[in-house]
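# Show me how the following folds:
(chains A, B, C and D)
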Number of protein chains: 2
Amino acid sequence: MLNRLKALGDLHRQNILKLLAAQEMGACEIIQAIGLSQPAIAHHLKILKQAGLINSEKEGKIVFYNLNKDGLKELLKEMDGFLEGLSCFSCSLAKPSPLRQNPNLCAEMGFDPEV
Amino acid sequence: MLNRLKALGDLHRQNILKLLAAQEMGACEIIQAIGLSQPAIAHHLKILKQAGLINSEKEGKIVFYNLNKDGLKELLKEMDGFLEGLSCFSCSLAKPSPLRQNPNLCAEMGFDPEV
DNA sequence: AATTTATATATCTAATTATTTAAATATGTA
DNA sequence: TACATATTTAAATAATTAGATATATAAATT
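As a prediction, this is how the structure comes out:
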């Protein structure tokens, strides 16, 4: 999930995904639309591809890119799972910290911010 | 959404969220559990707080942290909205690129990889 | 008041990540 | 075969981000 989150966590890459949602595009079209250099786009496309968020298909000298809908759906599922997996995520209140009862607990356990 | 994604896109921060899901914790407890320096933890907590993924509450000299469940749910909603918002995300096939018909389109539009 | 404890900020260094320029590969065309 | 086009890879630089050390603030304790 980490790779997918990181792949999504960039504005250029989000914009690329939006472009590809409307239609598949050759790399040169993406370059023109985004306005970054060709190698920069290639880099972002590589990250999106490795994250499984887009697919590519070579036809002749042109490489066409399109959304990997399964990958996107899976990311959403993973996110949902992660958030649900935060036990108690849907239940009432998380337990209070033992520090509430004993405010000196950290010091007693040897926690020393000076060192 | 970008800030929240970036906040989630770090393993230490994911682990902090997992800790806080089980119970609220004072900062010193988090430091002991994660094993990074105190300022490093303070940094990550700040990022999570700014992203709206955790809350903090000061009691005496101790700052207690806990999950911001609303923020987490909202992130999931935003993600879902973004993915749905990729038009055609749920429909059959994205349009083919015009390059399919005219492979020289990029060159004609003035795209020159040399410059 | 002085000291200890818990946390935050400031500053600097190191590590990642993004971007560019330049060169390489691969495909199609004259 | 030579050349132009589309894309990738490599190498270098710039920008962001993570982390550590040192310092500052704030609250409790003595």
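# Contact residues of chain A facing DNA strand C?
Taking C-beta under 7 Å from any atom of the strand, the part of chain A that reaches DNA strand C is made up of A:6, A:10, A:12, A:36-40, A:43-44, A:47, A:58-61, A:103-107, A:111-114. Just so you know, the C-beta spots here come from the backbone N, C-alpha and C atoms, and that holds for glycine as well.
# Whatever residue of chain A ends up closest to DNA strand D - how many residues pack around it?
Residue nearest to DNA strand D within chain A: A:Cys28 (3.0 Å; C-beta to the nearest atom of the strand). Neighbourhood size, A:Cys28 [other C-beta atoms under 10 Å in any protein chain shown]: 21.
# out of everything not next to it in sequence, what's closest to it?
Nearest residue to A:Cys28, sequence neighbours excluded (C-beta to C-beta, 6 or more residues apart in numbering or on different chains): B:Cys106, at 3.6 Å.
# So for the residue of chain A closest to DNA strand D, what's the pLDDT?
A:Cys28 is assigned a pLDDT of 94 by the prediction.
# Who are the packing partners of the helix or strand containing it?
Using DSSP states H and E, A:Cys28 sits in helix A:27-34. Applying 3 or more C-beta pairs under 8 Å, 6 or more residues apart in numbering or on different chains; DSSP states H and E, we find helix A:27-34 packed against helix A:11-22, helix A:38-50, strand A:62-67, helix B:105-108.
# Swap in 7 Å and give it another go.
helix A:11-22, helix A:38-50, strand A:62-67 (3 or more C-beta pairs under 7 Å, 6 or more residues apart in numbering or on different chains; DSSP states H and E).
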